[in-house]
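# next input, structure requested:
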Amino acid sequence: PAPISSTTPAPIITSTPAPITPGPDTPLTPAPNTFPPVTTATAAPLAVPFPPTPGYPPCSVCGEGLQVTLPDVLLENIPNTDPATCINLQIAGQRGFIEEQFCPVIPPIAAPCGCEPIVSPAPIASSPAPITPAPI
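Below you'll find the model as predicted:
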């Protein structure tokens, strides 16, 4: 049999067209918009939709004077309800969805939420500090 010889084809090189620079009399036409319209949310989206509030008093799930610092932690040990993130539980408490008699038992359940004291910003001095000239 005759030997089989194969040849590697030469690479095909395509050139990139030069950029078009419009002259002073060339009108510019914007490209058509093919993107879907963008809507802006007015509030942060929640993983769980909230129905109208039943009107219970606000309840801080961490306890009085404490705040959630780990909002995305999923709490699966909430009695008589589905698992919820710390932030959704906190929002439910703020909006009056936690019955008043259950509010005191929620803080131990919310412990994984990183409950820490609410820190208020440092007060701003009402007058600047006096300037003392340096000795000469």
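# which helix runs longest in the chain?
Across the chain, the longest stretch assigned as helix under DSSP state H is helix 86-94.
# got the CA positions of that helix in CSV?
Listed next in CSV are the C-alpha coordinates belonging to helix 86-94 (Å, rounded to 0.1, in the frame of the first residue of the first chain):
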residue,chain,number,x,y,z
CYS,A,86,-33.1,36.3,60.4
ILE,A,87,-33.9,39.4,58.4
ASN,A,88,-37.4,38.1,57.5
LEU,A,89,-38.1,37.2,61.1
GLN,A,90,-36.9,40.6,62.2
ILE,A,91,-39.1,42.3,59.6
ALA,A,92,-42.1,40.2,60.6
GLY,A,93,-41.5,41.2,64.2
GLN,A,94,-41.2,44.9,63.4
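# and it, average pLDDT?
The pLDDT scores in helix 86-94 average 93.
# that helix: which residues count as buried?
Using 16 or more other CB atoms under 10 Å as the test for burial, helix 86-94 gives 86-93. For every residue, glycine as well, the C-beta is placed using N, CA and C.
# ok, now stretch 65-85?
Using 16+ other CB under 10 Å as the test for burial, stretch 65-85 gives 66-68, 71, 73, 75, 84-85.
# out of those residues, which comes closest to residue 135?
When these are compared for distance to residue 135 (CB to CB), residue 67 comes out closest, at 48.7 Å.
# measure residue 61 to residue 107 for me?
Residue 61 sits at a distance of 7 Å from residue 107 (criterion: CB to CB, to the nearest Å).
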